[in-house]
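S.K.: I need the structure of the sequence given here:
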Amino acid sequence: MSAPRLIINGAKGRMGRALLAAAADLQLPVAAAVDASDDLAAALALGDVLVDFSVHSATHRAIELAVAQKKALVIGTTGHGAEEKKKFAALAAQVPTVWAGNFSVGVNLLFALTRRATRVLGADYDTEVVEMHHRFKKDAPSGTAARLLEIILEERKLAAADALRHGRSGITGERSPNEVGVHALRGGDVVGDHTVIYAALGERVELTHKASDRQIFARGALRAAQWVVSQKPGVYDMQDVLGLKD
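M.R.: Purely as a prediction, here's the structure:
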């Protein structure tokens, strides 16, 4: 099978430029590279798979157009609310779609290890998630941190509204065993650091991933684009792409 023809949406942003560079390195054909002011519908007709790294407010329109033209999708935008993402995912399921908050192979291995560690360590180990990104990032916690929290809550069978603690301030009292802390740090040009901490009496386990080059996300997204074009309609994630699901 020949390589899929890519349509890059958000081509002028940091990730868009990284995607174009990675496509050139991997010798993948780019049928169109568009941004906010361009005609995405016309561009879609030229390719096989839409790789969307624009902004979260543009996601619904991108999905509508891809479904209308029966094009595969790779969605990398973040910042959607839970209900919003659920609604959009139902629409995206009409075509083959990979939707992930992080396309790094290493981060997706971190997801798999976090699921395993949470299952093994259980409620005896206090769990906290710490993430750090560059000063320009507009949303918090990051999509990757949000996915790590989802995994932890799933394995611990906890509800987000009851369990999550977004930073702490003032007289918070002792930590309860059923809370999961999340802390977002911002500064400089940090591409993306994520650590999951499991702290018990007498020992601590930490799982850490540090990204130093945005190309890891671009290469992962293009790996997803090559994979998704041969899949049945539905919403997949990078665990599916990499064969990491239990």
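
S.K.: In terms of pLDDT, where does the most centrally placed residue in the chain sit?
M.R.: Residue closest to the mean C-alpha point of the chain, counted by Cα atoms, centre = their mean, is G101 at 0.8 Å. Per-residue confidence (pLDDT) for G101: 80.

S.K.: How about the contacts made by it?
M.R.: G76, T78, S142, G143, T144, A146, R147 (Cβ atoms under 8 Å, 6 or more residues apart in numbering). (C-beta placed from N, C-alpha, C; glycine too.)

S.K.: Looking at the residues you listed, which has the smallest pLDDT value?
M.R.: Minimum pLDDT for the contacts of G101 is recorded at T78 (80).

S.K.: Next one: E128 relative to A41, how far apart?
M.R.: Taking Cβ to Cβ, to the nearest Å as the measure, E128 falls 44 Å from A41.

S.K.: Mind giving me the packing neighbours of the longest helix along the chain?
M.R.: Using DSSP state H, we find that the single longest helix of the chain is helix 105-121. Judged by 3 or more Cβ pairs under 8 Å, 6 or more residues apart in numbering; DSSP states H and E, the packing partners of helix 105-121 are helix 143-156, strand 192-200, strand 203-211, helix 215-228, helix 238-242.

S.K.: how about 7 Å then?
M.R.: Counting contacts by 3 or more Cβ pairs under 7 Å, 6 or more residues apart in numbering; DSSP states H and E, helix 105-121 is packed against helix 143-156, strand 192-200, strand 203-211, helix 238-242.

S.K.: so which of those gets nearest P96?
M.R.: Minimum separation from P96 across the helices and strands packed on helix 105-121 (Cβ to Cβ) falls at helix 238-242, 10.6 Å.

S.K.: Can you tell me what sits against that closest one?
M.R.: V98, A100, F103, V105, N108, F111, A112, G220, R223, A224, W227, K245 (Cβ atoms under 7 Å, 6 or more residues apart in numbering).

S.K.: Show me which of the residues you listed is closest to L164.
M.R.: Proximity of those to L164 (Cβ to Cβ) peaks at F111, which lies at 17.7 Å.

S.K.: Whatever helix or strand K86 lives in - what's its average pLDDT?
M.R.: In the assignment (DSSP states H and E), K86 maps to helix 82-92. Across helix 82-92, the average pLDDT comes to 91.

S.K.: Check what contacts the next helix-or-strand element following it and list those residues.
M.R.: For helix 82-92, the following helix or strand on the C-terminal side (DSSP H and E) is strand 96-99. Contact with strand 96-99 is made by 72-75, 89, 92, 224, 228-229, 231-238, 241, as judged by Cβ under 7 Å, 6+ apart.

S.K.: List only buried entries from these.
M.R.: Buried members of those, scored by 16 or more other Cβ atoms under 10 Å, are 72-75, 89, 92, 224, 228-229, 235-238, 241.

S.K.: and those, which two are the farthest apart?
M.R.: Maximum pairwise distance among these (Cβ to Cβ): 18.9 Å, between A89 and V229.

S.K.: Buried residues, stretch 184-199. List them.
M.R.: In terms of neighbour count (16+ other Cβ under 10 Å), stretch 184-199 has its buried residues at A184, V190, V191, G192, D193, H194, T195, V196, I197, Y198.

S.K.: what about that stretch, how long is it end to end?
M.R.: 19 Å (Cα to Cα, to the nearest Å).

S.K.: re the thing from before, buried ones in the helix holding K86?
M.R.: K85, F88, A89, L91, A92.

S.K.: contacts for that helix?
M.R.: Applying Cβ under 7 Å, 6+ apart, the contact partners of helix 82-92 are T59, H60, I63, V67, L73, H80, W99, V235.

S.K.: The residues you listed in helices, which ones?
M.R.: The helices, defined by DSSP H, take in T59, H60, I63, V67 from the contacts of helix 82-92.

S.K.: ok so, going back, which residue sits closest to the residue nearest to the centre of the chain, ignoring its sequence neighbours?
M.R.: Among residues not flanking G101 along the chain, G143 sits closest, at 2.6 Å (Cβ to Cβ, 6 or more residues apart in numbering).
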